[in-house]
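Colleague: Requesting a structural model of the entry that follows:
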Amino acid sequence: MAMIPMQGTYTAFAGQRRLTSGTAGDVALAVKRATQPLDQPIIIFDDGTGRSIDFDLRGDDREVLARLATLMPQAETADAPAEPRGRGRPKLGVVAREVTLLPRHWEWLNAQAGGASVALRKLVDEARRASGDKDRERQARDAAYHFMSTMAGDLPQFEEASRALFADDRRRFTGLIADWPTDIRDHIVKLAYSDRA
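Modeller: The predicted structure follows:
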């Protein structure tokens, strides 16, 4: 089963109506309480990706939250059992993985101050700073599209709205989705543009 990042936000929809938004635990418990009287299916979305996600809602609230906690990435604690330490700097979260490069790349990296690892970390950090805004915009657009495909794929002008979204034509995009159900429309706009308001 996939890891569920608990620090993100999630949104549940009952049909075309937004039911709730919040942390994984908050949304899971709200959906658990709302499932009885509702006659429409409830879909939970990860707002970071725009994709639907399933929460196991069996049992009481404590059991639901305990299951969610076992699926989220575990933070290291002082009470954690000590494991044999390998190479690297575990307190910084350094993870060893294989990198495949051409010999000329390895020569250049090894000639850098601090060696290949330090040079690669600096290059990655510099690239993240340089393309951070574009990466966030792309992730927001992709999340909006995934949500839109699930919730609005059969609504009028979906194809044209998708093109406008990917062309970053905000005025045209919002005009094309203006007649869509309010909660769906508002959530798409929030996913796509909330960080660029």
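Colleague: CA only for contacts and neighbour counts going forward, please
Modeller: Will do.
Colleague: Mind naming the longest helix for the protein?
Modeller: Ranked by number of residues, the top helix in the chain under DSSP state H is helix 115-152.
Colleague: Only the buried residues of that one, if you could.
Modeller: Of all the residues in helix 115-152, those buried under the rule 16 or more other Cα atoms under 10 Å are 116, 119, 137, 139-149, 151-152.
Colleague: What separation is there between the most centrally placed residue in the chain and Leu29?
Modeller: With distances taken as Cα atoms, centre = their mean, the residue of the chain nearest its centroid is Gly48 (2.7 Å). Taken as Cα to Cα, to the nearest Å, the spacing of Gly48 relative to Leu29 amounts to 20 Å.
Colleague: Trp180 versus the residue of the chain most remote from its centre, what's the distance?
Modeller: Within the chain, Ala111 marks the point farthest from the mean C-alpha position, 37.5 Å out by Cα atoms, centre = their mean. As judged by Cα to Cα, Ala111 and Trp180 stand 58 Å apart.
Colleague: With Val27 instead?
Modeller: Taking Cα to Cα as the measure, Val27 falls 24 Å from Trp180.
Colleague: The two: who's more crowded?
Modeller: A count of neighbours by other Cα atoms under 10 Å puts Val27 above the other of Val27 and Trp180, at 21 against 16.
Colleague: Spit out the contact partners of that one.
Modeller: The contact partners of Val27, taken as Cα atoms under 8 Å, 6 or more residues apart in numbering, are Tyr10, Thr11, Ala12, Thr20, Ser21.
Colleague: Could you identify the helix or strand that succeeds the longest helix of the chain?
Modeller: Scanning forward in sequence from helix 115-152 by DSSP states H and E, the next helix or strand is helix 158-166.
Colleague: who's in contact with that next one?
Modeller: Arg141, Tyr145, Ala152, Arg170, Arg172, Phe173, Leu176, Ile177.
Colleague: Return the mean pLDDT over it, rounded to an integer.
Modeller: For helix 158-166, the mean pLDDT works out to 96.
Colleague: Give the buried residues for the helix or strand just after that helix.
Modeller: Per DSSP H and E, the first helix or strand lying C-terminal to helix 158-166 is helix 170-176. For helix 170-176, the neighbour count (16+ other Cα under 10 Å) marks Arg170, Arg172, Phe173, Thr174, Leu176 as buried.
Colleague: Redo those as CSV? Include distance to Glu98.
Modeller: Below are the buried residues of helix 170-176 laid out as CSV (distance: Cα to Cα, whole Å):
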residue, distance to Glu98
Arg170, 41
Arg172, 45
Phe173, 42
Thr174, 44
Leu176, 46
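Colleague: is it true that Leu65 touches Gly25?
Modeller: Yes. At 6.0 Å, Leu65 counts as touching Gly25 under the criterion of Cα atoms under 8 Å.
Colleague: Mutual contacts of the two, please.
Modeller: Where contact means Cα under 8 Å, 6+ apart, no residue is in contact with each of Leu65 and Gly25.
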